[in-house]
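[1] make a model of this:
(chains A and B)
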Amino acid sequence: GENVEQHPSTLSVQEGDSAVIKCTYSDSASNYFPWYKQELGKRPQLIIDIRSNVGEKKDQRIAVTLNKTAKHFSLHITETQPEDSAVYFCAAHNQAGTALIFGKGTTLSVSS
Amino acid sequence: EPEVTQTPSHQVTQMGQEVILRCVPISNHLYFYWYRQILGQKVEFLVSFYNNEISEKSEIFDDQFSVERPDGSNFTLKIRSTKLEDSAMYFCASSEPGRGGNGELFFGEGSRLTVL
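    Reported below is the predicted structural model:
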């Protein structure tokens, strides 16, 4: 089955800096890669996703890149703000299955 | 905006007792899921459900777990004989028609289970 590795586990940045979180996946058939943000005590919420037919997607300060050959994808947050502080999870879904498999999460702390 | 709702928000139970967690998915969604998150850890897949049957399940979803869609709206997770290690937040999720797991999962707010 799919295995998703995520790093770093914690990331501390100054407000205004960029943050990058990286994930690798094992199943070459995977074709959908979302990123979820989870604030303390809350549910995970989708912030951006990418499908295997594109290499990059951007939404304001957030971007995701995908390298299918290397089987890795990354989340980029520019101009970070204190409200970006949360746990971020990457996930991958394979074409054959119905499950979305999550990475272990990255705790992002943005200090002002 | 429609959302997934879960009850109870928090349940405390004694080890060995049965627990039922309830979920109402978004009304036009066809795929339903249960995930588990032990405090401070990752979101773990338990089971997916489509067309009134289990589509996929993880190794965590052993014989003590079962799911059911008893009517047109509810989707339940039953834990037959709870263990201490079942203490976690349980999230229900659903996804849009035609998407399966290949689209956004809409999560409920979770049911926190504490087993004493």
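
[2] element containing residue 40, please.
    Went with chain A since none was named. For residue A:40, there is no host helix or strand (DSSP states H and E).

[3] residues touching it, list them.
    By CB atoms under 8 Å, 6 or more residues apart in numbering or on different chains, the residues touching residue A:40 are residue A:86. To be clear about C-beta, it is placed using only N, CA and C from the backbone, and glycine gets the same treatment.

[4] torsion angles phi and psi at residue A:68?
    Per-residue torsions, residue A:68: phi -70, psi -30 (degrees, to the nearest 10).

[5] how about the nearest residue to it, chain neighbours excluded?
    Closest residue to residue A:68 apart from its sequence neighbours, by CB to CB, 6 or more residues apart in numbering or on different chains: residue A:52 at 5.8 Å.

[6] and the one you found, how far from chain B?
    10 Å (CB to the nearest CB, to the nearest Å).

[7] got a list of what that residue touches?
    Counted by CB under 8 Å, 6+ apart, residue A:52 has contacts A:30, A:31, A:32, A:33, A:66, A:68.

[8] distance-wise, check it relative to residue A:71.
    11 Å (CB to CB, to the nearest Å).

[9] how about the lowest-mean-pLDDT helix or strand in chain B: buried residues?
    The least trusted helix or strand in chain B, going by mean pLDDT, DSSP states H and E, turns out to be strand B:53-57, with a mean of 91. Residues of strand B:53-57 classed as buried: B:55, B:56, B:57 (neighbour count, 16 or more other CB atoms under 10 Å in any protein chain shown).

[10] what's the answer for stretch B:63-73, then?
    Buried-residue list, stretch B:63-73, by 16+ other CB under 10 Å: B:65, B:67, B:69.

[11] is chain A contacted by that stretch?
    No: using CB under 8 Å from any CB of the partner chain, stretch B:63-73 never reaches chain A; the gap is at least 13.2 Å.

[12] which residues are contacting that stretch?
    B:24-25, B:27, B:32, B:34, B:46-47, B:49, B:52, B:54, B:75-81, B:83.

[13] try it again with 10 Å
    B:5, B:18, B:20-25, B:27, B:32-34, B:36, B:46-49, B:51-54, B:57-58, B:61, B:74-83, B:86, B:92 (CB atoms under 10 Å, 6 or more residues apart in numbering or on different chains).

[14] buried ones among these?
    Applying 16+ other CB under 10 Å to the contacts of stretch B:63-73, the neighbour count classes B:21-25, B:32-34, B:36, B:46-49, B:57-58, B:61, B:75, B:77, B:79, B:82, B:86, B:92 as buried.
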